[in-house]
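**Student:** Structure here, sequence nowhere to be found:
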């Protein structure tokens, strides 16, 4: 009896399909079972891809250091139907108000250069960050539980650098009065050192390119600007899902078959 699952790359980026091979099953089954095979196979596939998506989540947790919840929830599944005995596991390709996991995980899967993040695009759009510069967190700056510069800090940076309204359509820029008030209150100020021209910062123009926080007399780096980062392949998307489906599909198929057999014999 055929019990294999055909695995193929999906049409979308970071997706994989699972199709049950039931070509030789019907001829070996009684008539009542032949009618139930599509639904039995559908249910077995669907149980399998649910497990497969969870396996990919476990893989992500093992590969990445403190991944964000959105990244942990990135593996999704699409169920099969009785008419189409193909199920899918894929990486979420959309995100509300942010970058889709399929986009930022692609370099981790394929290797290669990292694309610009939203706040980098915002900074470039107002001319404070060069097109060939990318921001990485500075060593020693406090990060959140996921190892990133806190989002609230990035919001303040964008606001103070007159980027927020272009970044999110918000009138969140600091007014002149609030700027003076924040300085007097000792609140953090953020700046990018200007190395030349009338806007050059006196005494600090030799600081490496980056975003700095000034609080009172203390200055510390938040981000440093570097050339485009490149990633090695770290996350073998689909490997965990394939292994899981190959292991659980047939047991699930048997379970659903015997459930149907029990219902049939009890009539």
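**Tutor:** That came in fine, so what should we check first? Source: prediction; values computed, not measured.
**Student:** all contacts plus neighbour counts: C-alpha atoms, from now on.
**Tutor:** Will do.
**Student:** And this structure, what are its domain boundaries?
**Tutor:** 5-100+233-265, 116-226 (automatic domain parsing).
**Student:** so can I have a markdown table of those showing mean neighbour count and distance to residue 108?
**Tutor:** Converted to a markdown table, these look like this (neighbours: other C-alpha atoms under 10 Å; distance: least, C-alpha to C-alpha, whole Å):
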| stretch | mean neighbour count | distance to residue 108 |
| --- | --- | --- |
| domain 5-100+233-265 | 17 | 5 |
| domain 116-226 | 15 | 15 |
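**Student:** could you dump the ones you listed to TSV with mean pLDDT and distance to residue 106?
**Tutor:** Shown next, in TSV, are those (pLDDT from 0 to 100; distance: least, C-alpha to C-alpha, whole Å):
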stretch	mean pLDDT	distance to residue 106
domain 5-100+233-265	90	8
domain 116-226	78	13
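**Student:** out of those domains, nearest to residue 110?
**Tutor:** Closest to residue 110 of the domains of the chain, according to C-alpha to C-alpha: domain 5-100+233-265, at 5.6 Å.
**Student:** Centre of the chain to the closest one, how far?
**Tutor:** 20 Å (C-alpha atoms, centre = their mean, to the nearest Å).
**Student:** of the domains of the chain, which approaches residue 109 most closely?
**Tutor:** The nearest among those, by C-alpha to C-alpha, is domain 5-100+233-265 at 4.9 Å.
**Student:** Run through the helices of the stretch 101-250 of the chain in chain order.
**Tutor:** Using DSSP state H, counting those that start in this stretch, the helices assigned to the stretch 101-250 of the chain run over residues 101-110, 118-125, 151-160, 164-168, 176-184, 239-265.
**Student:** Tell me which other helices or strands the first one touches.
**Tutor:** Same thing as helix 101-110. In terms of contacts (3 or more C-alpha pairs under 8 Å, 6 or more residues apart in numbering; DSSP states H and E), helix 101-110 is packed against strand 230-231.
**Student:** Contacts for the strand it packs on, please.
**Tutor:** For strand 230-231, contacts defined as C-alpha atoms under 8 Å, 6 or more residues apart in numbering pick out 107, 108, 111, 112, 113, 114.
**Student:** What is the nearest of the residues you listed to residue 32?
**Tutor:** Nearest to residue 32 among the contacts of strand 230-231: residue 108, at 48.4 Å, using C-alpha to C-alpha.
**Student:** Let me know the next secondary structure element after the lengthiest helix in the chain.
**Tutor:** Secondary structure assigned by DSSP state H gives helix 31-63 as the longest helix of the chain. As assigned by DSSP states H and E, the chain's next helix or strand after helix 31-63 is helix 69-72.
**Student:** what's the helix or strand that that following helix is followed by packed up against?
**Tutor:** Following helix 69-72 in sequence order, the next helix or strand is strand 75-78 (DSSP H and E). Helices and strands touching strand 75-78, by 3+ C-alpha pairs under 8 Å, 6+ apart, are helix 31-63, strand 86-91.
**Student:** among these, which is nearest residue 142?
**Tutor:** helix 31-63 (22.3 Å).
**Student:** Quick one: buried ones out of the contacts of strand 230-231?
**Tutor:** Buried subset of the contacts of strand 230-231 (neighbour count, 16 or more other C-alpha atoms under 10 Å): 107, 108, 114.
**Student:** Quick check, the first one in contact with residue 235.
**Tutor:** No. Under the contact definition of C-alpha atoms under 8 Å, residue 107 does not touch residue 235, with a separation of 9.1 Å.
**Student:** Centroid-nearest residue for this protein?
**Tutor:** In the chain, the centroid-proximal residue (C-alpha atoms, centre = their mean) is residue 101; its distance is 2.4 Å.
**Student:** Show the contacting residues for that one.
**Tutor:** Here residue 101 is in contact with 70, 71, 74, 91, 92, 93, 94, 95 (C-alpha under 8 Å, 6+ apart).
**Student:** Generate a markdown table for those residues, with distance to residue 162 as supplementary columns.
**Tutor:** Below are those laid out as a markdown table (distance: C-alpha to C-alpha, whole Å):
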| residue | distance to residue 162 |
| --- | --- |
| 70 | 28 |
| 71 | 30 |
| 74 | 32 |
| 91 | 34 |
| 92 | 32 |
| 93 | 30 |
| 94 | 27 |
| 95 | 25 |
